[in-house]
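J.: Predicted model and sequence below, questions to follow.
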Amino acid sequence: MEVNFTPFDEKKLIYLLQKGFPLTSRPFDEIAKHLQTEEKLVLEVLRSWQKNGKLRQISAIFNPPALGHSSSLFAFKVPEKNLKKAESVINAHPGVSHNYLRNHTYNFWFTLVVPPGMDLLKEAEYLLKESGAEDFLYLPIIKVFKIAAVFDVESLNNFEENPLENKDEIFPFSELDKNLVKLLQEPLPLVPEPFKVLAEKLGLKEEFIFEWLNNMKEKGALRRFAGLFRHVKLGYKRNIMVAWLVPEERIVEVGQKLSKYTFITHCYLRRSYPHWPYNIYTMCHFKEEGFETIKNISQELSLSEFLPLETLRELKKIRLKLFYTKN
């Protein structure tokens, strides 16, 4: 059944889901009250969005380092003859959640996360050998300036997730914690009482799950519980990662200024090298061509050396599954 939803309400629903999901017994009813509509209609809309790929999922978004996982951005230099092989090998790894083909000799850009007990660089070296890549860049985060901002779909107040600085220390976690992470990172059932369904799977009470989630947030292990959308379906069809070469004495200043632009959703300070001096990375999403905007920013901030890396093709984009086991 096709659902009619006014443009304003639709955009407000998208915003509310990205900002944070109500941790209550009937969350969709609470959202419906905000929109002055009915729970049934909200669920019908969300099911239709999930079916057509607009809504990826509603779930817990965890902070991997706090749960003992190691992660980094990698860039592989893959020759033309090995493109298909590299795509297959890299995408097959359960720790790769995002993989993009970009317009540079370092053409494969992906995030790799490994659970406790697994060596991150050894996994990267394995992928390098198996993919036929000639070289790679290891680009771990040194400092977070901005992460996972909500897409501004209707000039609503832009919401930015806390960077969680100084909250990457590992805390002791139990088997129950691991089981809850595994369950809550999956798409939330689109039913009136979704947490009741999840609680029954583990033989718990809903209240325990809500208390656990709030506790995980306090510890820095949970970033937020929210809806995740495919940005292309929201109209953001041009996606450009920009690597900036910023003088050391200006890193904090520039990082903070870049973070204020609403079309920049992520801004990080990453490791640099003599042959690869770029140190600040921004992820920019545009509805139209964005290179002129990036050039204007470089002039405004007096940054003459920067590298726009346009996404030519999205090779893989899924929610990362923490505590996975490698076959």
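T.: That came in fine, so what should we check first? Residues are numbered from 1 along each chain as shown.
J.: hey, where'd the strands end up in the stretch 1-150 of the chain?
T.: 55-62, 70-77, 96-102, 108-114, 135-139, 141-146 (DSSP state E, counting those that start in this stretch).
J.: Quick check: which of these is nearest to residue 180?
T.: strand 55-62 (8.7 Å; C-beta to C-beta). Using the backbone N, CA and C atoms, a C-beta is placed for each residue, glycine as well.
J.: Can you tell me which helices and strands that closest one packs against?
T.: Judged by 3 or more C-beta pairs under 8 Å, 6 or more residues apart in numbering; DSSP states H and E, strand 55-62 is in contact with helix 39-52, helix 175-184, helix 206-219, strand 222-229.
J.: any idea of the pLDDT on the spatially closest residue to residue 102 that is not a sequence neighbour?
T.: Residue nearest to residue 102 in three dimensions, not counting chain neighbours: residue 309, with 4.4 Å by C-beta to C-beta, 6 or more residues apart in numbering. Looking at residue 309, its pLDDT reads 96.
J.: try residue 289
T.: 74.
J.: Quickly list what the residue lying closest to it once chain neighbours are set aside is bridged to.
T.: Computed as C-beta to C-beta, 6+ apart, the closest residue to residue 289 that is not its neighbour in sequence is residue 238, at 6.2 Å. Beta-bridge partners recorded for residue 238 (DSSP bridges): residue 286.
J.: Counting neighbours, what do you get for residue 199?
T.: 18 (other C-beta atoms under 10 Å).
J.: Which residue is the nearest non-sequential neighbour of it?
T.: Per C-beta to C-beta, 6+ apart, closest to residue 199 is residue 206, 4.9 Å.
J.: Pull up the gap between the one you found and residue 25, please.
T.: Counting by C-beta to C-beta, to the nearest Å, the separation of residue 206 from residue 25 is 6 Å.
J.: between the two, what contacts are shared?
T.: In terms of C-beta atoms under 8 Å, 6 or more residues apart in numbering, residue 206 and residue 25 are both contacted by the residues 195-196.
J.: Between those two, which is the more surrounded one?
T.: residue 206 (18 against 15).
J.: Could you pull up the residues touching the more buried one?
T.: When contacts are taken as C-beta under 8 Å, 6+ apart, residue 206 is in contact with 25, 195-196, 199.
J.: Can you say which of the helices and strands packed on strand 55-62 is nearest to residue 138?
T.: Here strand 222-229 is closest among the helices and strands packed on strand 55-62 (C-beta to C-beta), at 23.6 Å.
J.: what is the orientation angle of that closest one with strand 55-62?
T.: 170 degrees (axes from the mean of the first three to the mean of the last three C-alpha atoms, to 10 degrees).
J.: ok so, going back, quick one: which of the contacts of residue 206 is nearest residue 265?
T.: For the contacts of residue 206, the nearest to residue 265 is residue 195 (28.1 Å; C-beta to C-beta).
J.: What about the closest one, how many residues nearby?
T.: 23.
J.: go on, residue 49?
T.: If we define neighbours as other C-beta under 10 Å, then residue 49 has 23 of them.
J.: was I right about it contacting residue 56?
T.: No: Residue 49 is not in contact with residue 56 according to C-beta atoms under 8 Å; the separation is 9.4 Å.
J.: what about the protein, any weak spots by pLDDT?
T.: Applying pLDDT under 70 to the chain flags the ranges 1-8, 148-169, 231-237.
J.: Could you point out the longest strand of it?
T.: The residue-count maximum for a strand in the chain (DSSP state E) belongs to strand 306-317.
J.: and the angle from that strand to strand 55-62?
T.: 100 degrees.
J.: Can you mark which positions in strand 306-317 are buried?
T.: 306-311, 315-316 (16 or more other C-beta atoms under 10 Å).
J.: for it, packing partners?
T.: helix 83-92, strand 96-102, strand 108-114, strand 238-244, helix 291-300.
J.: rerun that using 6 Å as the cut-off
T.: For strand 306-317, the packing partners by 3 or more C-beta pairs under 6 Å, 6 or more residues apart in numbering; DSSP states H and E come out as strand 96-102, strand 238-244.
J.: any residues touching the last one, and which ones?
T.: The contact list for strand 238-244, computed with C-beta atoms under 6 Å, 6 or more residues apart in numbering, reads 278, 280-286, 290, 294, 303, 306-311.
J.: let's see it at 7 Å
T.: 102, 109, 278, 280-286, 288-290, 294, 303, 306-311 (C-beta atoms under 7 Å, 6 or more residues apart in numbering).
J.: List the single closest residue to residue 140 in space, sequence neighbours excluded.
T.: residue 72 (4.2 Å).
J.: wait, residue 194 sits on residue 187?
T.: No: shown here, residue 194 and residue 187 do not form a contact pair, counting by C-beta atoms under 7 Å, at 9.7 Å.
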